[in-house]
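Enquirer: return atomic coordinates for the entry below.
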Amino acid sequence: MYSLIAIPTLLSLGAAYAITPNNVISPAVISGALTGLKYTSVGGSGSYNQVTNMIQGAWPTCTANPSCITAPKQVSGNLAPFDEEMTAVLRGPMTLHNIAVYQPTNSSAATWKRTSNWAQGSAPDNLVFMSNSGGGVSGEWDTCGGASQAYSDGAFTGAAASANADIYGANLPGTNEVNIVTSQTCADSPCDGFARGTASHGWAGSKAFVFEFEMPQDGTSNPPAIWLLNQQVVNSAQYGCNCRGMGGSGGCGELDLFEVLNTNLNQGITEIYSFKGATGSGDGNFWPRPSGIVTYIAILDIQTDSISIQQLQSWDFTQTQITRSIVDGYLSTPAMQVSFGGSNQRRSQRPKSWMHRRTLH
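Expert: Now for the predicted structure:
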């Protein structure tokens, strides 16, 4: 899947050489079309409002005021807050084929091992599909907080009684959302922040997510998307009481990997949000909406304090590990570079989908 050719360039912060991947899509010839984007200076020092409790209130209306209890949490360092546990959220219309997550055992590890994976029609490995439909057969619901996470059914349209109870198909219908978590629950080991219902852990530290998918047109104005959230967001309430908030004040962090726009269903953008502010691909730069199967990798790397999103020709989802040299190769692949350092404001002023822009309370 890649060639073992050393790049004769000294990389900062450790590795002497990177290996040149040969599965990266060549830069697009269409003006503004992206095949790769790299965020630099991602981490920082600051704070966000961590949820510490959710008051249920009494039926039929939320009588608790406040119902969302928060306290400032201080964070700092490379990649912060994206070094914390993250979950990936997917919204249809989308056809899913493969998902894999790779992580190093420590910051100086020579290899990144596959820690989670799923293939269409197969049982996941250390990966659980969830949805915001708690209160029925799994999860919980209350007057103030609404629905918690629930285990997703095999059709990605409702809840199941247990984790991965069904074999998952490929089709994620328009407007439906699922997110992925690890198989370790907050009941097994305490999660950071407030957690309720069927809450689980995400992926902490450096990590690489690889997605193979399609974004077919379904004849409607439904905009598909793939984005990452701090795991605490879904463990409390993705569309309610959480540490993310809404808009440019990004709190505990959100990374839009590929979000199709309401205003142009053939284009997608990427944006990043945290307590530092927000920035992104900006006006005039876009991911072409795929008409067939595509593969994207998103690498969140503590060592280089950067995030790289690359379109790939293909990926061998059977490989159980990748070398740090290959990771460095992807991080050094030519791509649009966007600094998240200093004072940040959202670069893209185009209308956004409302579906994951909700208020804290």
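
Enquirer: I'd guessed residue 327 sits against residue 208; true?
Expert: Yes: the pair residue 327 and residue 208 passes the contact test of CB atoms under 8 Å, sitting 7.0 Å apart. Using the backbone N, CA and C atoms, a C-beta is placed for each residue, glycine as well.

Enquirer: which of these two has more neighbours?
Expert: Shown here are residue 327 and residue 208; by other CB atoms under 10 Å, residue 327 has more neighbours (27 against 23).

Enquirer: for the more buried one, which three-state class applies?
Expert: With DSSP: H, G, I helix; E, B strand; the rest coil as the basis, residue 327 sits in helix.

Enquirer: between residue 327 and residue 208, which contacts overlap?
Expert: 112, 299 (CB atoms under 8 Å, 6 or more residues apart in numbering).

Enquirer: just the strands in the stretch 251-361 of the chain please.
Expert: Taking DSSP state E, counting those that start in this stretch to define them, one finds strands in the stretch 251-361 of the chain at 254-260, 267-274, 277-280, 287-288, 294-301, 306-312, 321-323, 336-339.

Enquirer: turn the ones you listed into a markdown table, columns for distance to residue 172 and mean neighbour count.
Expert: Output for those, formatted as a markdown table (distance: least, CB to CB, whole Å; neighbours: other CB atoms under 10 Å):
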| stretch | distance to residue 172 | mean neighbour count |
| --- | --- | --- |
| strand 254-260 | 13 | 25 |
| strand 267-274 | 16 | 25 |
| strand 277-280 | 24 | 20 |
| strand 287-288 | 18 | 20 |
| strand 294-301 | 15 | 23 |
| strand 306-312 | 20 | 23 |
| strand 321-323 | 27 | 19 |
| strand 336-339 | 28 | 16 |
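
Enquirer: wait, which of those strands is closest to residue 201?
Expert: Minimum separation from residue 201 across the strands of the stretch 251-361 of the chain (CB to CB) falls at strand 294-301, 16.1 Å.

Enquirer: below-threshold pLDDT in the stretch 1-150 of the chain: ranges please.
Expert: Residue ranges of the stretch 1-150 of the chain with pLDDT under 70: 1-17, 28-29.

Enquirer: my bad, the stretch 251-361 of the chain
Expert: Ranges of the stretch 251-361 of the chain meeting pLDDT under 70: 342-361.

Enquirer: thought residue 227 was touching residue 87, still the case?
Expert: No: Residue 87 lies out of contact with residue 227 (CB under 8 Å); the separation is 9.6 Å.

Enquirer: quick one: the residue nearest to the spatial centre of the chain from residue 158, how far?
Expert: The centroid of the chain falls nearest to residue 228 when counting by CA atoms, centre = their mean (1.7 Å). For residue 228, the distance to residue 158 equals 24 Å [CB to CB, to the nearest Å].

Enquirer: got it, and residue 232?
Expert: Distance, residue 232 to residue 158, by CB to CB: 25 Å.

Enquirer: give me the more crowded residue out of those two.
Expert: The neighbour count for residue 232 versus residue 158, taken as other CB under 10 Å, is higher for residue 232 (29 against 15).

Enquirer: what's the closest non-adjacent residue to the more buried one?
Expert: Excluding the flanking residues, the one nearest residue 232 by CB to CB, 6 or more residues apart in numbering is residue 193, at 3.9 Å.

Enquirer: OK, contacts around the one you found?
Expert: Contacts for residue 193 (CB under 8 Å, 6+ apart) come out as 50-52, 73, 232, 235-236, 243.

Enquirer: for those, which one is nearest residue 179?
Expert: Closest to residue 179, out of all of the contacts of residue 193 and judged by CB to CB, is residue 235, at 10.7 Å.

Enquirer: so the closest one sits against residue 149, correct?
Expert: Yes: judged on CB under 8 Å, residue 235 makes contact with residue 149 at a distance of 7.1 Å.

Enquirer: tally of neighbours for residue 239?
Expert: So residue 239, with other CB under 10 Å, has 17 neighbours.
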